[in-house]
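J.: I'd like to go over a predicted model; first the sequence, then the structure.
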Amino acid sequence: MEILSDRPDLAKVDVSGVRRAINIGLLEGEDLAPGDWILIHVGFALSKIDEAEAKSALDFLESIGQAYEDEIAALRESMIEQG
Amino acid sequence: MEILSDRPDLAKVDVSGVRRAINIGLLEGEDLAPGDWILIHVGFALSKIDEAEAKSALDFLESIGQAYEDEIAALRESMIEQG
Amino acid sequence: MRFVDEYRDADKARALAARIAALCEPGRTYKFMEVCGGHTHTIYKHGLEDHLPPAVTLVHGPGCPVCVIPMGRVDDAISIAERPGVIMTSFGDMMRVPGGRGTFLDAMARGADIRMVYSPLDALKIARENPDKKVVFLAIGFETTAPSTAMTVLRAKSEGIANFSVFCNHVTIIPAIKAILDSPDLRLDGFIGPGHVSTVIGCRPYAFIARDYGKPLVVAGFEPLDVLQSVYQNLVQLAEGRVAVENQYARVVPWDGNPKALAVINEVMEPRPHFEWRGLGFISDSALRVREAYAAFDAERIFQIPGGRVADPQACQCGEVLKGVLKPWECKVFGTACTPETPIGTCMVSSEGACAAYYNFGRFSRDRVKEATRT
Amino acid sequence: MRFVDEYRDADKARALAARIAALCEPGRTYKFMEVCGGHTHTIYKHGLEDHLPPAVTLVHGPGCPVCVIPMGRVDDAISIAERPGVIMTSFGDMMRVPGGRGTFLDAMARGADIRMVYSPLDALKIARENPDKKVVFLAIGFETTAPSTAMTVLRAKSEGIANFSVFCNHVTIIPAIKAILDSPDLRLDGFIGPGHVSTVIGCRPYAFIARDYGKPLVVAGFEPLDVLQSVYQNLVQLAEGRVAVENQYARVVPWDGNPKALAVINEVMEPRPHFEWRGLGFISDSALRVREAYAAFDAERIFQIPGGRVADPQACQCGEVLKGVLKPWECKVFGTACTPETPIGTCMVSSEGACAAYYNFGRFSRDRVKEATRT
Amino acid sequence: MTTEEQVLERIERARRRKARVREELVTLAHGAGGKATRTLIEAVFLEAFRNPLLEPLADGAVAGGLAFTTDSYVVTPLFFPGGDIGDLAVNGTVNDLAMCGARPSYLSAAFILEEGFPIADLRRITATMAAAARAAGVDIVTGDTKVVQRGKADGCYITTAGVGTVAPEVRLSASACEPGDAVIVSGPIGEHGVTVMLARGELDIEADLVSDTAPLNGLTAALLDACDAGQVRCLRDATRGGVATVLNEMAEASGTAMILDEDAIPVRPAVRGACELLGIDPLYVACEGRMVAVVGGRSAGAAMEALRGHPLGAGAAVIGRVGEDPPGLVLLRTAFGGTRIVDVLVGDPLPRIC
Amino acid sequence: MTTEEQVLERIERARRRKARVREELVTLAHGAGGKATRTLIEAVFLEAFRNPLLEPLADGAVAGGLAFTTDSYVVTPLFFPGGDIGDLAVNGTVNDLAMCGARPSYLSAAFILEEGFPIADLRRITATMAAAARAAGVDIVTGDTKVVQRGKADGCYITTAGVGTVAPEVRLSASACEPGDAVIVSGPIGEHGVTVMLARGELDIEADLVSDTAPLNGLTAALLDACDAGQVRCLRDATRGGVATVLNEMAEASGTAMILDEDAIPVRPAVRGACELLGIDPLYVACEGRMVAVVGGRSAGAAMEALRGHPLGAGAAVIGRVGEDPPGLVLLRTAFGGTRIVDVLVGDPLPRIC
Ligand code: SF4
Ligand code: SF4
Ligand SMILES: [Mg+2]
Ligand SMILES: [Mg+2]
Ligand SMILES: [Mg+2]
Ligand SMILES: [Mg+2]
Ligand SMILES: [Mg+2]
Ligand SMILES: [Mg+2]
Ligand SMILES: [Mg+2]
Ligand SMILES: [Mg+2]
Ligand SMILES: [Mg+2]
Ligand SMILES: [Mg+2]
């Protein structure tokens, strides 16, 4: 995301090389900086993405994934034992 | 030519089966009747054709034509005489 | 077709041609000017000159309404047409007339709404059907069309059609003929008088030509036999040593014209002090404008028009052609730079223009064509 | 793509699915309603139900903004669009929504100028570029889109764009959830809360659901793992015997929402006393209208709209589907008379509509499809 | 002083110069079928695509026993007395194949529809097309449909293309016309063009006229059958630009003179009347079911017999002959006994008649 | 109470009913390439013109060793990154011939120009067409030009038709797909459609994308060469309606299920990003230089090798397989590990992308 100098309420966002000017008037007061991720809806930025929260949510998912793989592995072993 | 009853300034003219409504406002005062021939220019009747004058002009042309044919015939005869 | 076919008869033409040939004094040449572009068209369309002896030459006059419109007026018309909300209406002949900024066709391509009409009444109809547009009728022509324009203005007024106006370019025939007669480099033996114009103005206004200039004038119809007969009547006068105004077209032209038409013109229009004619320059009292009383229908008053004068292209010799001083093919650009496709002068546009008629219908030497078509 | 791909991972989905299955009490079935149409779309687009045990059913709620617009409002919008000089602008989803007189597409075919936009700002741009037209933005949506509409009105005012107005159909989510909860024929175990709406309103307004109705609600994001995780969190609450509002989507949704957005809505709009919801009937205080102070931008005030109520088609069971009482395929006309091509109800139009999502993405029995795609 | 002959020579040089488009924008004249159209085609399309099959700019291309042609139809009004855009689109392409000496086999039909176009009108048009295809013995085997926004078309445009087979002994070409050949038209001219102009209603003129639109492949087959091999030099349907334009193209391609007899040219009274009223020349008015055939003098009698024996050629007439001089021109001996040139049309923009 | 299975059966019956146009007026949806387009074509055009060659509604008609096809091009804007209406018009028709298994021979080109269209743009377009024709090894041998009044078109519409020759052993048909066949795309999908949408400027979105427009006849020749006779079952260029539409037509015609693997479908990041932003599915987005090939399992390896060895097939991928059940449907195994149906598009009106 890059903030356009001439229009403080507009920012240029980039999603996988696709760029669009976005109105960031609804994030007034937020501390926006280039590199931030924002949620866009019908041309307006609605929310700034909280990287810490994102990380903790993903960590949770990872942990479940890991636990699951451990279980699967355990299950396989037990099956081999049985077989 | 037929005069339209609902619009006294309009007449329907017919040229070889081609019909057009014509403004006859410029012939006001002329005695127009269905069957009359009129001269039309850009949608207006400019003049009523004078059948007597037309006939006399054609008569003149016919007479020349006739005289010419007589002459040609005379010429031919004289040529035959000569030949 | 009645009043048409009987005037296109080849046998009668040959008979008349023989009379014409017989009337020519040996060793003398004759030049007659057909004033009206309609006659020019007839002459070339039917190959009338093939019936004339070499001693008789027809000279094409200034009577093509399209040919005499100066470039400045074309530009003015385009400038009106290009205003937002304007529909310009015009006879088809005007579509390819070049102004300083191209033709109507070019203006249409740039976005102007210009529509072809066959009658000023069609323009009025368009105005009626497009109340949110300003519909302008580009009025051109001699006294033949002026009454139609005037009638249409009267109708617009009586119907209360406020979005209709006329860009008036009507011209009058008598001052033009006078200008021709006064030009020093001209040698003419007589005139073929304009048939349709005379329907309106009658035959009296030509009296001065016989009286003051000693030339015969025969008002003629538009079928080829009409024209041929008027040549004949000119020659008869000359042979009999008299000059007069005669009316070959009496079946249509009343000696006194159409008083109603004249009254209508006079009601709506008045003479302009000056008007520029293409190639001929400014001629006094030679054109009509809309009277003050009808200002609401006068496009010249409604729209601010540039009104600039545009000099004719250097190469253009239309003036000489219109005066009958040059034959079309004697113009330096005839058929090369100036063609009906890419006209430089207006005479190359309308099928009534001398150059266009000559180029389209008669470009090749008459002898060669006659030879080729011999059966 | 960041924040996208990592939430579409099949392995993580399988792991979470195993947890979900493990959380289900044997013999018990669970019904969770995803309130938001965006979730419905996610569920079908990614085949999320394939990861759910048979005991867990997802029920599609009234959160598709297109699906809740009553036919009368569609007709009103068309009647505005058909006024001369009007350009109606709308999100693409609305194009095929049937009113009593056909759809926007039909109105366009009849001559209305209706244009698809992706943002109300695009509509404002169209207004700027067409000063001689009246440009109306058809505003639909929950609190997610209402701030954008309000911001656009503020911008129109500050720029002095007088030819722009909004036909306001914004609705609010809480009264709708309350109406669902109050409907007698419903059995739900918990809610998947709307992620985008919550970005604006935050999580506090849902407190009454846990407190007064004893149901859990987990605000969820729009990637399939988000939704799956919110099912998991619902089940965890139930397993632990507690009910609460939880925020699965904390990376985007602040607990207190977006105060600026709420302020902007409040500046420009006020609650309507009543608003009709398709299939659900009139719900009090469930929609927004433009405040008196912004009357100049309110299409409802500018244009005289018929404002008629059009009864839903006899066969339409959208109300039951929106309340989650019927599964889409249980509607009598589903897939026969009512298809995405020829929708009878609005749920068949938008890809967020439960019926359309089910028809387009999941029409076939899950088992047969699973069998077919087994690698 | 330059003589008239010198001027004429100068003009001929100017006419032989490479076509050049002077306009910056496309004008209606570029679509009218006259000189501007020809210039655009030569200076832009031929210049860009140049290849031996395209070069003759004939009704279609012929190669390896196959003829191939296309035309777009943008006529307004879509429905007119005697036909509609549908049979125009089928007959027009059938005819272009027939003019190549081909037996038409298959047609394609691509539709550009304007948003808001009545489905009922579309059904009416497709029904006419189907009937026309049946009458011509061809199938419409492939097609396409596009819809454009309101104001980006005029209801319905149709583009047809056609393929047909050409017998090995048939080799028609405008350049094959020879002095002594007979110039034939297959029937009265100008009916289609006048009918459509009047059908637009703007002229407030009525006439008992119907379009001449018809498939000419039966007629051309009969003609080719009846004449000795090689005697049919060239066939052209006299569409946009009319008989005059077709003859000018033939004269130019073959370096011959086409010498017509005005009295011999069949024109129905109503067409003549309308043309007089409108100040146009029937020789330039489009037909959609009439052709010009140039046939070697030796087979002219057989050709006329074959044409007159077919319902679509009942009004066929020999309207002139091919001469030697002046090369590249069309001359007319008028009914009045005079002569004139019939040049390529530099007309005012015509209404959309096809 | 009716069960879900009963409902599904009822739906299938409804879907098999004869297509019927319910609208009275043509809407933009009739041109979008989805269900409405199909309905219009079946209920109006096929109904009127019905014949065995037209019936398959394929890319073109094939008979007697000859393929024949047509398409109109109405794209806006006329010029876009990677191409313009000119190469679209040439490549599109070349590709339709190639999809018939034909070697393209000749093209026709019919232009409908709007009064006021810049001659310079026309020159630019014809130059692109000439270059595209050269690249594809075909000649534009016949054509037509019409000019319509301002406001009756959108600058320039082009209709091309094409003929080509089909080798006797090549017989491609949507109905030939069999369970066990591999479903292949020749490269990343959706680039043309997204490029044109963004080029209109209305979305205010930029992306580093160019149209994929390209002539595929070289690629199809290589493919047909590499595979055993009969192993290439069907080829389709994935234009309006995209890969999803093409696969639905194949599934329906052959009574098979097309089973896709979302992970295997090549989509460039910028296409994916733009589609996410616009809420559209790349499977429905038009390509103008990509094809779907269904190849017998036995030749799938050879097919992939041939495709990958050609510059226009470097990004080819096997995206799925043909299955037996449920007949007539396209299924997708999602990256998320779920499954869904990929139905025929009933989309909102798309911008004019071809
Ligand atoms: S050739 Fe052209 S420039 Fe010369 S007089 Fe004739 S119209 Fe005028
Ligand atoms: S099938 Fe149609 S009518 Fe029935 S609930 Fe769904 S959208 Fe409404
Ligand atoms: Mg032809
Ligand atoms: Mg053709
Ligand atoms: Mg043709
Ligand atoms: Mg197609
Ligand atoms: Mg229209
Ligand atoms: Mg195709
Ligand atoms: Mg095709
Ligand atoms: Mg195609
Ligand atoms: Mg053509
Ligand atoms: Mg335009």
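T.: Structure's in. What do you need? Ligands and ions are numbered 1, 2, ... in the order given.
J.: Just confirm residue C:201 contacts residue C:257, I think it does.
T.: Yes. In this structure, residue C:201 is within contact of residue C:257 by CB atoms under 8 Å, at 4.8 Å. C-betas here are computed from N, CA, C, even on glycine.
J.: What residues does the residue sitting nearest the centre point of chain A make contact with?
T.: Centroid-nearest residue in chain A, with CA atoms, centre = their mean: residue A:54, separated by 5.8 Å. With contacts taken as CB atoms under 8 Å, 6 or more residues apart in numbering or on different chains, residue A:54 has the following neighbours: D:3, D:251.
J.: rerun that using 6 Å as the cut-off
T.: Residues in contact with residue A:54, defined by CB atoms under 6 Å, 6 or more residues apart in numbering or on different chains, are residue D:251.
J.: Tell me the span between the first and last residue of stretch C:269-289.
T.: Counting by CA to CA, to the nearest Å, the length from the leading to the trailing residue of stretch C:269-289 is 5 Å.
J.: Residue 29 - nearest residue in space that isn't next to it in sequence?
T.: Since no chain was named, I'll use chain A. Beyond its immediate neighbours in the sequence, the residue positioned closest to residue A:29 (CB to CB, 6 or more residues apart in numbering or on different chains) is residue D:260, lying 6.2 Å away.
J.: Wait, chain C was what I had in mind.
T.: Among residues not flanking residue C:29 along the chain, residue C:55 sits closest, at 5.0 Å (CB to CB, 6+ apart).
J.: again, but for residue E:266
T.: Nearest in space to residue E:266, with sequence neighbours left out and distances taken as CB to CB, 6+ apart, is residue E:188 at 4.2 Å.
J.: did I read that right, the one you found in a strand?
T.: No. According to DSSP: H, G, I helix; E, B strand; the rest coil, residue E:188 belongs to no strand; its state is coil.
J.: roughly how far apart are it and ligand 6?
T.: Separation of residue E:188 from ligand 6 (CB to the ion, to the nearest Å) stands at 40 Å.
J.: That residue: neighbour count?
T.: 22 (other CB atoms under 10 Å in any protein chain shown).
J.: For it, which residues are in contact?
T.: Contact partners of residue E:188, counting by CB under 6 Å, 6+ apart, are E:266-268, E:315.
J.: Now flag whichever of those residues is closest to residue C:67.
T.: Checking these against residue C:67 by CB to CB gives residue E:267 as the nearest, at 29.2 Å.
J.: any idea which helix or strand carries that closest one?
T.: When secondary structure is defined using DSSP states H and E, no element contains residue E:267, which sits outside every helix and strand.
J.: tell me the contacts of it?
T.: Contacts of residue E:267 were listed using CB under 6 Å, 6+ apart, and they are E:188-189, E:282.
J.: pLDDT score for the closest residue to residue E:265 other than its chain neighbours?
T.: Beyond its immediate neighbours in the sequence, the residue positioned closest to residue E:265 (CB to CB, 6+ apart) is residue E:319, lying 4.9 Å away. On the pLDDT scale, residue E:319 is placed at 98.
J.: State whether residue E:319 is indeed within a strand.
T.: Yes. Secondary structure of residue E:319 (three-state DSSP): part of a strand.
J.: Do I have it right that it meets residue E:185?
T.: Yes. Using CB atoms under 6 Å as the test, residue E:319 is close enough to residue E:185 to be in contact (5.4 Å).
J.: what secondary structure does the residue nearest to the centre of chain A sit in?
T.: Reduced to three states with three-state DSSP, the structure at residue A:54 is helix.
J.: Quick one: name the residues of the stretch 251-375 of chain C near chain E.
T.: Counting by CB under 6 Å from any CB of the partner chain, the stretch 251-375 of chain C comes close to chain E at C:329, C:335-336, C:340-341, C:360-361, C:363-365, C:368-370, C:372-373.
J.: In helices only, show me these.
T.: Where these overlap with helices, as defined by DSSP state H, the overlap consists of C:360-361, C:368-370, C:372-373.
J.: between the residues you listed, which has the most around it?
T.: Counting neighbours by other CB under 10 Å, residue C:369 comes out on top of these with 26 neighbours.
J.: That residue and ligand 11, how far apart?
T.: Distance of residue C:369 to ligand 11, computed by CB to the ion: 31 Å.
J.: what's near enough to touch that residue?
T.: Contacts for residue C:369 were tallied using CB under 6 Å, 6+ apart; they are E:331, E:339.
J.: all helices of the stretch 251-375 of chain C, in order?
T.: Taking DSSP state H, counting those that start in this stretch as the criterion, the stretch 251-375 of chain C contains helices spanning C:259-268, C:299-302, C:318-322, C:354-362, C:366-373.
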